[in-house]
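1. Sequence plus the predicted model coming up.
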Amino acid sequence: MLKFIKNCSRVKLYTAVVLTTLVSSVFLLTVFTRADDTIDPDRIEKLPYEEIELFSVVYETIKRAYVSDVDDETLVRYAISGMLSNLDPHSAFLDEKDTQALSEQTSGEYAGLGIQLSMEDGLVRVISPFDGSPAKRVGIMSGDLIFKIDDTLVRGLDIDQAISLMRGRPGTSVNLSILRRSTNESLVFNVTREVIKLKSTSSRMIDDDYMYLRVSQFAERTASEARDIIDKAMEEQEIKGVVLDLRNNPGGLLNSSVDVANLFLPQGTLVVSVKGREENLAELRTSYNNAIPENIPLVVLVNNGSASASEIVAGAIQDHKRGIVMGKQTFGKGSVQSLIQLREQVSLRITTALYYTPLGISIQATGIKPDIDVDTGTVDLDTATNEDLQVREIDLQGHIENPSGNDNNSSNSDEIVIDNESSTDIRDYQLSQAVNLLKALYIIQN
């Protein structure tokens, strides 16, 4: 049993940009915290001898009767993996190979295709291709189902095996055969593997006076890059409003999400609290002056591909009434995983806490409910998100229930539903509605 720390000063909050394997098996960028891995002998419960005896019987039966010989190390690791994976979708046993993959991913660079994946009915579902990735450039879209990787059928493989087939040396290519249910097409894409260096921020001006700021993940330099963009724009012209686009942002570094929230919230503002099994582990607050003055209207765009750190930012802005959250309900990844090293290159990733919005609301398995619900509407292929084909935390087998028992995250304002049937010739309907709202708010304020 883990001996948890008595106060937040003993918590070393460190986070990782990592594609996390889930049992259902969504790959998400998630938040990690380092836990004290010492064991308190006084808190070790009495061993369940009957269950251990049952385990030993099963173990010996496999050794004696299974069709082929399995060595002891493999069986023990299978048993440990099963024990962890059945706790919840985010806990896992990391062997040497997994630890090496984690190290590559947390460095922010890895050789691959740049897509978030899950398993669905034996096929690999594309949650979202990363901005600027090889997968996105060739036309792979959210909701696509991969049924063959080169000449290997996906059905029968687990998510790790499928990912392994897609990864390889930079410059080599792989053929992905996909089913696109939105158009009932079967397509083949040849994708060249690259070292993925994800660009986490981008921006442009809309109608000259309104800033569009896209954050595709929360990496180490995301906040500083965004601040540079904002500072430069404000030096050059008047900014009448800002759209912060967190759609299909799967999360990332916890500290980075706090720093991004800091761009819009005053110094000392509570962004997120982390609460474990027995106590409040930490409260994270903004630490410097905000870059965007509070009198500049803000709209945050989210959808059900917005997860983890994205939900921290959206929840903080919503709870403090700093801006209006618009779009679709978010994914609902509200748990914190501790990485506990057992020995060199072998560790446990185990869920030890939940994070809460400033008003004390857990978004686990519920997500952030937008203040204004807006469907995707009419979009082109580059901006399509195909909301109906996406999954959320609550859809994952074995997910942790929300501690409040809520089906939906409560909003501080009445939900407004915008009818999108009137949209014509609009490439990004949600964005257009966000800009329209900013224009209205600017007129009201001035």
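-> Arrived safely, thanks for sending. Keep in mind that what you see is a predicted model, and the values were worked out from it rather than measured. Numbers count the residues shown, from 1 in each chain.
2. so where do the strands sit in the stretch 151-300 of the chain?
-> Using DSSP state E, counting those that start in this stretch, the strands of the stretch 151-300 of the chain run over residues 152-153, 173-180, 185-192, 194-197, 201-206, 210-215, 241-245, 270-276, 280-285, 298-302.
3. Contacts only, for Ala291.
-> Counting by CB atoms under 8 Å, 6 or more residues apart in numbering, Ala291 makes contact with 226-227, 230-231, 234, 263-264. Glycine gets a C-beta too; all of them are placed from N, C-alpha and C.
4. Distance of Ala261 relative to Tyr288?
-> 12 Å (CB to CB, to the nearest Å).
5. check contacts around Gly114.
-> Applying CB under 8 Å, 6+ apart to Gly114 gives the contacts 129-130, 132-136, 194, 196, 198.
6. Looking at those, which are in helices?
-> Mapping the contacts of Gly114 onto helices (DSSP state H) picks out 134-136.
7. how close does Gln430 sit to Val302?
-> Going from Gln430 to Val302 by CB to CB gives 9 Å.
8. list the residues that contact both of these two?
-> 247, 326-327.
9. rewinding a little: let's have the contacts of Gly114 in JSON lines, adding pLDDT and distance to Glu60.
-> Formatted as JSON lines, these follow (pLDDT from 0 to 100; distance: CB to CB, whole Å):
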{"residue": "Pro129", "pLDDT": "83", "distance to Glu60": "47"}
{"residue": "Phe130", "pLDDT": "82", "distance to Glu60": "47"}
{"residue": "Gly132", "pLDDT": "83", "distance to Glu60": "53"}
{"residue": "Ser133", "pLDDT": "88", "distance to Glu60": "48"}
{"residue": "Pro134", "pLDDT": "94", "distance to Glu60": "48"}
{"residue": "Ala135", "pLDDT": "94", "distance to Glu60": "46"}
{"residue": "Lys136", "pLDDT": "91", "distance to Glu60": "50"}
{"residue": "Glu194", "pLDDT": "93", "distance to Glu60": "48"}
{"residue": "Ile196", "pLDDT": "82", "distance to Glu60": "45"}
{"residue": "Leu198", "pLDDT": "71", "distance to Glu60": "48"}
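10. Can you list the low-confidence ranges for the stretch 101-250 of the chain?
-> Within the stretch 101-250 of the chain, the ranges that satisfy pLDDT under 70 run 101-110.
11. Mind doing that once more with 90?
-> Residues of the stretch 101-250 of the chain meeting the criterion pLDDT under 90: 101-112, 114-133, 141-143, 155-164, 167-169, 181-184, 195-200, 217, 219-220, 248-250.
12. Looking at the strands of the stretch 151-300 of the chain, spot the one closest to Ser68.
-> Of all these, strand 152-153 sits nearest to Ser68, with 21.7 Å by CB to CB.
13. the helices in this protein, which residues?
-> Taking DSSP H as the criterion, the chain contains helices spanning 49-65, 72-85, 96-106, 134-138, 159-166, 222-236, 254-262, 309-319, 429-445.
14. can I get the contacts of Ala291 in CSV with distance to Glu185 and neighbour count?
-> Listed next are the contacts of Ala291 as CSV, based on distance: CB to CB, whole Å; neighbours: other CB atoms under 10 Å:
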residue, distance to Glu185, neighbour count
Ala226, 37, 24
Arg227, 42, 19
Ile230, 41, 20
Asp231, 45, 11
Met234, 45, 15
Leu263, 41, 23
Phe264, 41, 25
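15. Can you tell me how far the most centrally placed residue in the chain is from Thr269?
-> The residue lying closest to the centre of the chain (CA atoms, centre = their mean) is Pro250, at 2.9 Å. Separation of Pro250 from Thr269 (CB to CB): 24 Å.
16. Could you do Asn255 as well?
-> From Asn255 over to Thr269 (counting by CB to CB), the distance is 15 Å.
17. Among Ala261 and Tyr288, which residue is more densely surrounded?
-> Higher neighbour count among Ala261 and Tyr288: Ala261, with 29 against 12, using other CB atoms under 10 Å.
18. Read off the pLDDT value for the more buried one.
-> For Ala261, the pLDDT comes out at 98.
19. That one touches Ile317, doesn't it?
-> Yes - the pair Ala261 and Ile317 qualifies as a contact (CB atoms under 8 Å) at a distance of 6.8 Å.
20. OK, contacts around Ser310?
-> 215, 218, 246, 249-251, 257, 302, 330.
21. count of neighbours near the closest residue to Val124 other than its chain neighbours?
-> Nearest residue to Val124, sequence neighbours excluded (CB to CB, 6 or more residues apart in numbering): Ile146, at 4.1 Å. Using other CB under 10 Å as the criterion, Ile146 is surrounded by 21 other residues.
22. now Ile146, which residues is it bridged with?
-> Val124, Ile178 (DSSP bridges).
23. residue contacts, it?
-> Ile146 makes contacts with 117, 123-126, 154, 162, 176-178, as judged by CB under 8 Å, 6+ apart.
24. let's go with 6 Å and repeat that
-> 124, 154, 176, 178 (CB atoms under 6 Å, 6 or more residues apart in numbering).
25. Dump those residues to TSV, plus distance to Asn86.
-> Below are those laid out as TSV (distance: CB to CB, whole Å):
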residue	distance to Asn86
Val124	22
Val154	23
Leu176	30
Ile178	30
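26. Export those residues as JSON lines, with columns for distance to Leu359 and neighbour count.
-> As requested, these are exported to JSON lines (distance: CB to CB, whole Å; neighbours: other CB under 10 Å):
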{"residue": "Val124", "distance to Leu359": "37", "neighbour count": "27"}
{"residue": "Val154", "distance to Leu359": "42", "neighbour count": "21"}
{"residue": "Leu176", "distance to Leu359": "43", "neighbour count": "25"}
{"residue": "Ile178", "distance to Leu359": "41", "neighbour count": "23"}
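27. List just the nearest of these to Leu284.
-> Of all these, Leu284 sits closest to Val124, with 34.6 Å by CB to CB.
28. Residue most distant from the centroid, this structure?
-> Most remote from the centre of the chain, using CA atoms, centre = their mean: Arg64, at 42.9 Å.
29. mind checking how far that one is from Arg167?
-> 37 Å.
30. Kindly list the longest strand within this protein.
-> Counting residues, the longest strand in the chain under DSSP state E turns out to be strand 346-356.
31. Run through the neighbouring helices and strands of that one.
-> Counting contacts by 3 or more CB pairs under 6 Å, 6 or more residues apart in numbering; DSSP states H and E, strand 346-356 is packed against strand 92-94, strand 270-276, strand 335-343.
32. Mean neighbour count and mean pLDDT for these - can I get that in JSON lines?
-> Output for the helices and strands packed on strand 346-356, formatted as JSON lines (neighbours: other CB atoms under 10 Å; pLDDT from 0 to 100):
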{"stretch": "strand 92-94", "mean neighbour count": "22", "mean pLDDT": "87"}
{"stretch": "strand 270-276", "mean neighbour count": "22", "mean pLDDT": "95"}
{"stretch": "strand 335-343", "mean neighbour count": "18", "mean pLDDT": "87"}
